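J.: how does the following fold in three dimensions:
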Amino acid sequence: MHLTRIRLRDFRNYERVEVELGPGLNVVAGANGAGKTNLLEGIYFGLTARSCRTSNEREMLRLGAEVARVELEVAAEDGMHALEVGLEPGQDKRIRVDGALAARGVDPPRPLVSVFLPDRLDLVKGAPAGRRAHLDRLVAALWPARGSTRAAYARALSQRNALIGRVRGGLAGEGLLDQWDTELARHGAELMADRAAAVELISPAFTARAGGLGLPEPGELRYAPRCKADDAEGIRDELAARRSGDIERGFTTHGPHRDDVALLHGGRLLRTLGSQGQQRVALLALLFAERDVLAARGTPPLMLLDDVMSELDSARRERLAALVGSEGQSVVTTTDTSHVPGADSGDVAVIVVAAGTTVQHPPPAARKAPRRAAQSEARA
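T.: Residues are numbered from 1 along each chain as shown. Got it, this is the predicted structure:
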């Protein structure tokens, strides 16, 4: 499954833009500030209905616009599909599949997506919540039937916290928490098992990719659960032991919602003891390790890589370019196409962003008949 076309309207600096993508490596080239990262963000938003750069959705609107729209064309095993995501801040997002509004809970036909932004290393050095969410998305990608486990745990956690508030306020008896301790422990044990299995599966690939990308000491991925027990009964006992403290604080202080994932380099936490360069390599290694495992299952993610080549020497660029082009579809941004080995070969789709215009040079393999380069207007 891969993207064949993207259209943006009133998104960031683009008034209207249309770009066709090849099934392999696609390069977006242009000067700093031209809108390369905006194009990646548009792809990500169209596939996930959220930004990979900001929590303020209004930032994604073109200056003066009130509504933005992203349209994608997806080539899937059962044919072509059209996806559309509408953005109007303060309103629910409007997601359409083949022209019809998507029903809640229905996953539209779309590729998985993985994104690297050089100034957003939160996944390595940020708070545990981001790593937990990333790990849970990986679980859902690996085992779609397990994707609901996190939601079930979150519902039980919300119910327990609400009851803790009532107990604390004298509106309910403490004994009522027994039921929610049992429920939370049951879903928590399932969630922990899923997370541990995903980390165990991805860890060898992470170590291999980290070494191949130049991390001088062995990289390691390690699941760091908050609970000592990993079974429902043990977790329930831990919750019961902390009940008084939870009531005093007004919320559940212990459980898988406090888990973390440790990325290590030579046994040291990269989050606190790694340089920015090492954190950057570790993030790339993690994303490519996940791609390796998913590709082996027939579902490689679309890789969105922003300015990934600029700080690498020629040897590392060659290695990374070989990785990028080896599996599935990818979109790589650069200020200089010479930084992406193979970009000037004629076999790679190149989209040049300059002076408010995108000019596209699609690869021969991605088209059935010759066609003219596409031009679309963008405004700052």
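
J.: next, the buried residues of the helix or strand hosting residue 178.
T.: Assessed by DSSP states H and E, residue 178 sits inside helix 177-212. Using 16 or more other C-beta atoms under 10 Å as the burial criterion, the residues of helix 177-212 that qualify are 177, 180-192, 194-195, 198-199, 201-203, 205-207, 209-210, 212. Where you see a C-beta, it was placed from the backbone N, CA and C, and this is true even at glycine.

J.: chain center to stretch 203-222: distance?
T.: 20 Å (C-alpha atoms, centre = their mean, to the nearest Å).

J.: end to end, how far does that stretch reach?
T.: End-to-end span of stretch 203-222 (C-alpha to C-alpha, to the nearest Å): 7 Å.

J.: try stretch 254-269
T.: End-to-end distance of stretch 254-269 (C-alpha to C-alpha): 23 Å.

J.: also stretch 252-271?
T.: OK, stretch 252-271 end separation, C-alpha to C-alpha: 26 Å.

J.: please identify the buried residues of that stretch?
T.: Residues of stretch 252-271 classed as buried by neighbour count (16+ other C-beta under 10 Å): 252, 254-257, 259-261, 263-265, 270-271.

J.: and of the residues you listed, the nearest to residue 66?
T.: Using C-beta to C-beta, residue 257 comes nearest to residue 66 of the buried residues of stretch 252-271, at 36.6 Å.

J.: hmm, who's touching the next helix or strand after the helix holding residue 178?
T.: Going down the chain from helix 177-212, the next helix or strand is strand 219-224, by DSSP H and E. Applying C-beta atoms under 8 Å, 6 or more residues apart in numbering, the contact partners of strand 219-224 are 195-196, 199-200, 202-203, 206-207, 209-211, 259-265, 267, 282, 285-286, 289.

J.: name the strands paired with strand 219-224 and say parallel or antiparallel.
T.: In the sheet, strand 219-224 lines up against strand 260-265 (antiparallel) (DSSP bridges).

J.: pLDDT on the strand it pairs with, on average?
T.: Mean per-residue pLDDT for strand 260-265: 96.

J.: cool, and stretch 204-221?
T.: In this model, stretch 204-221 has a mean pLDDT of 92.

J.: same check, this time on stretch 343-359
T.: Across stretch 343-359, pLDDT averages out at 77.

J.: dump the C-alpha coordinates for that stretch into PDB.
T.: C-alpha atoms of stretch 343-359 as PDB (Å, rounded to 0.1, in the frame of the first residue of the first chain):
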ATOM      1  CA  ALA A 343      18.400  11.500  -6.300                       C
ATOM      2  CA  ASP A 344      19.800  12.700  -9.700                       C
ATOM      3  CA  SER A 345      19.700   9.300 -11.300                       C
ATOM      4  CA  GLY A 346      16.300   9.700 -13.000                       C
ATOM      5  CA  ASP A 347      14.800   6.800 -11.100                       C
ATOM      6  CA  VAL A 348      13.700   8.800  -8.100                       C
ATOM      7  CA  ALA A 349      10.700  11.200  -7.900                       C
ATOM      8  CA  VAL A 350      12.000  14.700  -7.200                       C
ATOM      9  CA  ILE A 351       9.700  17.600  -6.200                       C
ATOM     10  CA  VAL A 352      11.400  21.000  -6.200                       C
ATOM     11  CA  VAL A 353       9.900  23.600  -4.000                       C
ATOM     12  CA  ALA A 354      11.000  27.200  -4.900                       C
ATOM     13  CA  ALA A 355       9.500  30.700  -5.200                       C
ATOM     14  CA  GLY A 356       6.000  29.600  -4.300                       C
ATOM     15  CA  THR A 357       5.900  26.800  -6.900                       C
ATOM     16  CA  THR A 358       6.500  23.000  -6.900                       C
ATOM     17  CA  VAL A 359       7.900  21.400  -9.900                       C
END
